[in-house]
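Asker: missing the sequence, but the structure's below:
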């Protein structure tokens, strides 16, 4: 097995500051960073080929580089811990087992962009994780890693946990910022991007939890070292993968970026399909990712290879579906989710998600018509690319891919008025 | 304004948070959480009190509170059962668990029992897909559920 950064620390013993200092070289990367210039830190992060772990896969160093050096308003570091893309549960482990990695990553980000204020925006349901983070933050304040004049460097940084309250859209970075400001979590019109005008109007970096927890490793071992952990160009480090659904061993796993195919991940990490059944489908990157059929899984599991075959790695949440689960029922549930979570600002998304759900529901109830499939493709096409944020595409992509790839299943279902397969 | 519903503790917690944010409106989500912890749900009078404290119109409080599913704008039972029925939990039998609770408590999803002991809801993804099916009972997660385990949990509640 190749080197892993996290998984060996995913247990309760790893949580306290004492463990972090002794076993994980805790806060040594911060010390190093405080002796470096902001530009040198950003250069190191750029060299690492770290790409955002929240879903979009944007190069982190470049994102930091967009923050203006001079600003009349305070700058902010915001951690996106909203983790609400269905199928994703890795950030929860990072926060409950290695909270200090996140704190240290945010401190380094703050120093690199010239910010002294950080927020961790955590989804409201993670009440336990919010408490654990607050406890770790308190430890860090007491030990002098947070607050004023950190380690005698003159650098100040305050960190606050801000709880969301149940809204998928707050994982979208500008929706998140509105929510942080005490508003409805409706995404903003871009530009301006958060790097120019983010939280409270100030230049803001928004990074996913796992993105930030990678930073201490990069500072300690160098950007080149991190880049080489990955097996592909332009994709450094390791990936935490959330595997769920019909596998024998669901859970969080860590692999070197680009080192395994989907088939290998399901068989070797997930332990194979539950009940030794055949595979029906894989949703490779959270429920927004276009679905893959059983004969498309010999693809390397990373950002570029998945993009090439028309889907995405997203948050590295792999949902596995076995042969006897009804695909109509599956896409109905996915579409119902987006219909529920659409913030309602953009007409194509608000109305389109509802229409798609209505049509799929009709099919599911046995009242489908043959022309419904083309109707679904048409609605999806009228949502895609026509909304302020990515939620519209997130809803349209699954529908389009399910209808195109499992058209025969849909047609059979519509013809028979019900599904011949067993609902499990 | 009439006498206050929210406790001294609520106001003390808010005062601690003020220096953490550059604006007062940013206190709104923490305030709604803290208030709901005290009162179980958020009646109009509580929204009004929060608005008065922050310095915004009650309509603005309601506008924000109604955007988020975790804020209860109608009363809920003593035990708020929220079963995740998103993809990963569905693949692991969550729908059957919902039906089981509906039968057991003789209510439909979204309803509260007559004795106000239980409210049942379907929940969107809780981020516990590796230990599906999962649910929240008030603020706590229960994972790796099955029919028997769910029954035991419900029966243990007083």
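Answerer: Received the coordinates, thanks. Source: prediction; values computed, not measured. Numbering: from 1, shown residues only, chains lettered A, B, ... in the order given.
Asker: per the record, what domains does chain B have?
Answerer: B:8-67, B:79-157 (automatic domain parsing).
Asker: where do the helices sit along the stretch 51-200 of chain A?
Answerer: A:60-65, A:90-97, A:99-113, A:127-142, A:173-180 (DSSP state H, counting those that start in this stretch).
Asker: Could you pull up the residues touching the residue nearest the centre of chain B?
Answerer: The centroid of chain B falls nearest to residue B:70 when counting by CA atoms, centre = their mean (4.4 Å). When contacts are counted by CB atoms under 8 Å, 6 or more residues apart in numbering or on different chains, residue B:70 touches A:124-125, A:165-166, B:33, B:36. The C-beta positions use only the backbone N, C-alpha and C, and glycine is treated the same way.
Asker: Who wins on neighbours among the residues you listed?
Answerer: The member of the contacts of residue B:70 that has the most neighbours, counting by other CB atoms under 10 Å in any protein chain shown, is residue A:125 with 28 neighbours.
Asker: list the buried ones in the lengthiest helix in chain A?
Answerer: Secondary structure of chain A read by DSSP state H shows that its longest helix is helix A:347-364. For helix A:347-364, a neighbour-count test (16 or more other CB atoms under 10 Å in any protein chain shown) marks A:348-357, A:359-361, A:363-364 as buried.
Asker: and of these, the nearest to chain B?
Answerer: Chain B lies nearest to residue A:364 out of the buried residues of helix A:347-364, by CB to the nearest CB, at 12.6 Å.
Asker: Show the pLDDT at the closest one.
Answerer: Note on residue A:364: pLDDT of 95.
Asker: picking that back up, and the helices of the stretch 51-200 of chain A: which comes nearest chain B?
Answerer: helix A:127-142 (4.6 Å).
Asker: contacting residues around that closest one?
Answerer: So helix A:127-142 is contacted by A:15-17, A:81, A:92, A:95-96, A:99-100, A:102-103, A:120, A:122, A:146-147, A:159, A:161, A:163, B:139-141 (CB under 8 Å, 6+ apart).
Asker: Helix A:90-97 and that helix, what's the angle between them?
Answerer: Angle, helix A:127-142 to helix A:90-97, by axes from the mean of the first three to the mean of the last three CA atoms, to 10 degrees: 50 degrees.
Asker: Please compute how far helix A:127-142 lies from its chain's middle.
Answerer: From the chain centre to the centre of helix A:127-142 is a distance of 22 Å (CA atoms, centre = their mean, to the nearest Å).
Asker: That helix: which residues count as buried?
Answerer: In helix A:127-142, counting by 16+ other CB under 10 Å, buried: A:127, A:129-130, A:132-134, A:136-137, A:139-140.
Asker: will you turn the residues you listed into a markdown table that also has pLDDT?
Answerer: Compiled in a markdown table, these are given as follows (pLDDT from 0 to 100):
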| residue | pLDDT |
| --- | --- |
| A:127 | 97 |
| A:129 | 98 |
| A:130 | 98 |
| A:132 | 98 |
| A:133 | 98 |
| A:134 | 98 |
| A:136 | 98 |
| A:137 | 98 |
| A:139 | 98 |
| A:140 | 98 |
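Asker: I'd like the residues you listed laid out as a markdown table, including distance to residue A:344.
Answerer: Below are these laid out as a markdown table (distance: CB to CB, whole Å):
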| residue | distance to residue A:344 |
| --- | --- |
| A:127 | 27 |
| A:129 | 29 |
| A:130 | 27 |
| A:132 | 34 |
| A:133 | 31 |
| A:134 | 33 |
| A:136 | 36 |
| A:137 | 35 |
| A:139 | 41 |
| A:140 | 39 |
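Asker: and which of those is nearest residue A:324?
Answerer: Minimum distance to residue A:324 across the buried residues of helix A:127-142 is 34.9 Å, recorded for residue A:129 (CB to CB).
Asker: Quick check: nearest residue in space to that closest one, chain neighbours excluded?
Answerer: Spatial nearest neighbour of residue A:129, excluding adjacent residues (CB to CB, 6 or more residues apart in numbering or on different chains): residue A:95 at 4.5 Å.
Asker: need the strands for chain B, in chain order.
Answerer: Here chain B has its strands, by DSSP state E, at B:79-84, B:118-123, B:135-137, B:140-142.
Asker: wait, which of the domains of chain B is closest to residue A:175?
Answerer: Here domain B:8-67 is closest among those (CB to CB), at 10.0 Å.
Asker: measure the closest one end to end?
Answerer: End-to-end distance for domain B:8-67: 27 Å, by CA to CA, to the nearest Å.
Asker: do stretch A:156-168 as well
Answerer: So stretch A:156-168: terminal residues 32 Å apart, CA to CA.
Asker: Residues of the stretch 51-200 of chain A that sit close to chain B?
Answerer: Along the stretch 51-200 of chain A, the residues adjacent to chain B under the rule CB under 8 Å from any CB of the partner chain are A:74, A:83-89, A:91-92, A:123-128, A:158, A:160, A:162-168, A:179-186, A:200.
Asker: Recalculate using a threshold of 6 Å.
Answerer: Proximity of the stretch 51-200 of chain A to chain B, by CB under 6 Å from any CB of the partner chain, involves residues A:83, A:86-87, A:89, A:92, A:124-125, A:127, A:160, A:163, A:165-167, A:181-182, A:184, A:200.
Asker: Out of those, name the ones that lie in strands.
Answerer: Going by DSSP E, the strands hold A:160, A:163 from those.
Asker: what residue ranges in chain A score low on pLDDT?
Answerer: Applying pLDDT under 70 to chain A flags residues A:1, A:418-424.
Asker: and the longest strand seen in it, what does it pack onto?
Answerer: When chain A is scanned for its longest strand (criterion: DSSP E), the result is strand A:238-245. If you count contacts as 3 or more CB pairs under 6 Å, 6 or more residues apart in numbering or on different chains; DSSP states H and E, strand A:238-245 packs onto strand A:251-256, strand A:317-322, helix B:87-91.
Asker: Kindly reformat the ones you listed as TSV containing distance to residue A:388 and mean neighbour count.
Answerer: Shown next, in TSV, are these (distance: least, CB to CB, whole Å; neighbours: other CB atoms under 10 Å in any protein chain shown):
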stretch	distance to residue A:388	mean neighbour count
strand A:251-256	32	22
strand A:317-322	24	27
helix B:87-91	25	28
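Asker: Identify whichever of these lies nearest to residue A:344.
Answerer: Proximity to residue A:344, assessed across the helices and strands packed on strand A:238-245 by CB to CB, is greatest for helix B:87-91 (22.7 Å).
Asker: Wondering if that closest one reaches chain A at all.
Answerer: Yes - residues of helix B:87-91 contacting chain A under CB under 6 Å from any CB: B:87-88, B:90-91.
Asker: Dump these into a markdown table; add pLDDT as well.
Answerer: Below are those laid out as a markdown table (pLDDT from 0 to 100):
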| residue | pLDDT |
| --- | --- |
| B:87 | 97 |
| B:88 | 97 |
| B:90 | 96 |
| B:91 | 96 |
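Asker: Tell me which two in those are the farthest apart.
Answerer: Every pair of the residues of helix B:87-91 next to chain A checked by CB to CB; the farthest is B:88 and B:90, at 7.3 Å.
Asker: What separation do you get for the residue nearest in space to the middle of chain A and chain B?
Answerer: Nearest residue to the geometric centre of chain A (CA atoms, centre = their mean): residue A:54, 2.7 Å. As judged by CB to the nearest CB, to the nearest Å, residue A:54 and chain B stand 13 Å apart.
Asker: quick one, phi/psi of that residue?
Answerer: phi -80, psi -30 (degrees, to the nearest 10).
Asker: For the residue nearest to residue A:236 when sequence neighbours are not counted, list the residues it contacts.
Answerer: Excluding the flanking residues, the one nearest residue A:236 by CB to CB, 6+ apart is residue A:49, at 3.4 Å. Shown in contact with residue A:49 (CB atoms under 6 Å, 6 or more residues apart in numbering or on different chains): A:227, A:234-236.
Asker: Of those, which belong to helices?
Answerer: Using DSSP H, the contacts of residue A:49 in helices are residue A:227.
Asker: Now do residue B:66 against chain A, distance only.
Answerer: 8 Å.
Asker: so what's that residue closest to, chain neighbours aside?
Answerer: residue B:73 (6.3 Å).
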